[in-house]
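Asks: Sequence plus the predicted model coming up.
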Amino acid sequence: QLQLVESGGGLVQPGGSLRLSCAASGSTLDYYAISWFRQAPGKEREGVSCIDSSTGGSTNYADSVKGRFTISRDNVKNTAYLHMNNLKSEDTGVYYCAVSRWYCSEPVLYYGKGTLVTVSS
């Protein structure tokens, strides 16, 4: 069974950068679209970004992160990334990666356990 493990979270000052990683085991990521979600304290989980499987490769972003975040994938390493620049306090939350079959429009099949990002001075 596919398992996802996020890493790279931490404490960063406003304006700083982080790179989150999502490492997969148990299956290749080649056939999956990969999404990043986040959940801020007291708020519902929201979608941040998604990238289709290798076949499609198209990406999408929440309006709140466009121009600041970049999603990517390395199918050789079986890992996905979320590059986050110009971080703001409202980016604070637990970040989860998730997969769906082939396309971002398909239902999520698996979530990771998350990594905490705290943006604060």
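Replies: Perfect, I can see it now.
Asks: so what's Ile51 up against?
Replies: By C-beta atoms under 8 Å, 6 or more residues apart in numbering, the contact set of Ile51 is Ala33, Ile34, Ser35, Gly57, Ser58, Thr59, Ile71, Ser72, Arg73, Ala80, Cys104. Any C-beta I mention is one placed from the backbone N, CA and C, and that applies to glycine too.
Asks: give me phi/psi at the most centrally placed residue in the chain?
Replies: When C-alpha atoms, centre = their mean is applied to the chain, the residue found nearest the centroid is Trp36 (2.7 Å). Main-chain dihedrals, Trp36, degrees, to the nearest 10: phi -120, psi 130.
Asks: per-residue confidence at it?
Replies: What the model reports as pLDDT for Trp36 is 98.
Asks: that older thread, and the contacts of Ile51, which of them are in helices?
Replies: Among these, no member falls in helices (DSSP state H).
Asks: Same list (the residues you listed) but as JSON lines, adding distance to Gln1.
Replies: What follows is those, written out as JSON lines (distance: C-beta to C-beta, whole Å):
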{"residue": "Ala33", "distance to Gln1": "18"}
{"residue": "Ile34", "distance to Gln1": "16"}
{"residue": "Ser35", "distance to Gln1": "18"}
{"residue": "Gly57", "distance to Gln1": "25"}
{"residue": "Ser58", "distance to Gln1": "27"}
{"residue": "Thr59", "distance to Gln1": "26"}
{"residue": "Ile71", "distance to Gln1": "24"}
{"residue": "Ser72", "distance to Gln1": "25"}
{"residue": "Arg73", "distance to Gln1": "20"}
{"residue": "Ala80", "distance to Gln1": "18"}
{"residue": "Cys104", "distance to Gln1": "21"}
